[in-house]
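>>> For reference, the sequence and a predicted model appear below.
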Amino acid sequence: MRVLMLATSLAIGLSACGYAQKTDGPAHAMPILSPANTIEACVGQYPDTATREATCIGQYSSACMTLRADGETNSGMIRCTGEEYAAWDSRLNTAYTRYMQQLGAPRDEGLREAQRAWMALRDADCEFEASAFAGGSMQPLVTAACMRDYAARRTIRLLGWLEEPR
């Protein structure tokens, strides 16, 4: 299912740079926004969680795969997806730290425990999902996409809590 969703996002071609076409040489290459800038621009544009999840997750990966010369190769797709995962993970850590500072005791301990449980679930789910492709060239891509999606959804959830404190 995740592979189908990744293929669908590729077909849709959400591009952080608009509807750009791949070029033949570096002199004509259209710049790609950084993963962090792509995420910030998208999250800032949409105030609600559902739209952020539907629109922002995979946006950088799709643009990267479309605009980079090697973007449609297996290694290029893994690299693009991994770059987006790293950016979501960094944004997640920032949102988590900010929210922890807002909470204070004893609620901060509850969030700490929830975050540890979420990380264990993410790791187990992504390992299981990728195990269907064990030893194959799709395994790293499925793992990267799963990790990206988990980090993005958690980030968006934490941002929602930051923006609308409970």
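Here it is on my side, so go on. Numbers count the residues shown, from 1 in each chain.
>>> Please make it C-alpha for all contacts and neighbour counts, starting now.
Will do.
>>> any idea what sits nearest Gly76, other than its immediate chain neighbours?
Leaving aside its sequence neighbours, Gly76 sits nearest to Asp70 (Cα to Cα, 6 or more residues apart in numbering; 5.2 Å).
>>> helix/strand/coil for the one you found?
Taking DSSP: H, G, I helix; E, B strand; the rest coil as the rule, one finds Asp70 in the coil state.
>>> Report the separation between it and Ile78.
Going from Asp70 to Ile78 by Cα to Cα, to the nearest Å gives 11 Å.
>>> pLDDT below threshold where in the protein?
Counting by pLDDT under 70, the ranges of the chain that qualify are 1-31, 165-166.
>>> now the strands for it?
Taking DSSP state E as the criterion, the chain carries no strands.
>>> For the residue nearest to Gly76, give me the backbone phi and psi.
Per-residue torsions, Asp70: phi -100, psi 10 (degrees, to the nearest 10).
>>> if you count what's nearby, which of Asp70 and Ile78 comes out ahead?
Counted by other Cα atoms under 10 Å, Asp70 and Ile78 do not tie: Ile78 has more neighbours, with 24 against 15.
>>> The more buried one: what's it in contact with?
140-141, 144 (Cα atoms under 8 Å, 6 or more residues apart in numbering).
>>> Derive a PyMOL selection command for the buried subset of those residues.
Listed next is the PyMOL selection for buried residues among the contacts of Ile78, using 16 or more other Cα atoms under 10 Å:
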select buried, resi 140+141+144
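>>> Of the contacts of Ile78, which is the nearest to Gln45?
Here the nearest of the contacts of Ile78 to Gln45, counting by Cα to Cα, is Ala144; it sits at 25.2 Å.
>>> That closest one reaches Cys80, doesn't it?
No - contact criterion Cα atoms under 8 Å: Ala144 and Cys80 do not qualify, at 9.3 Å.
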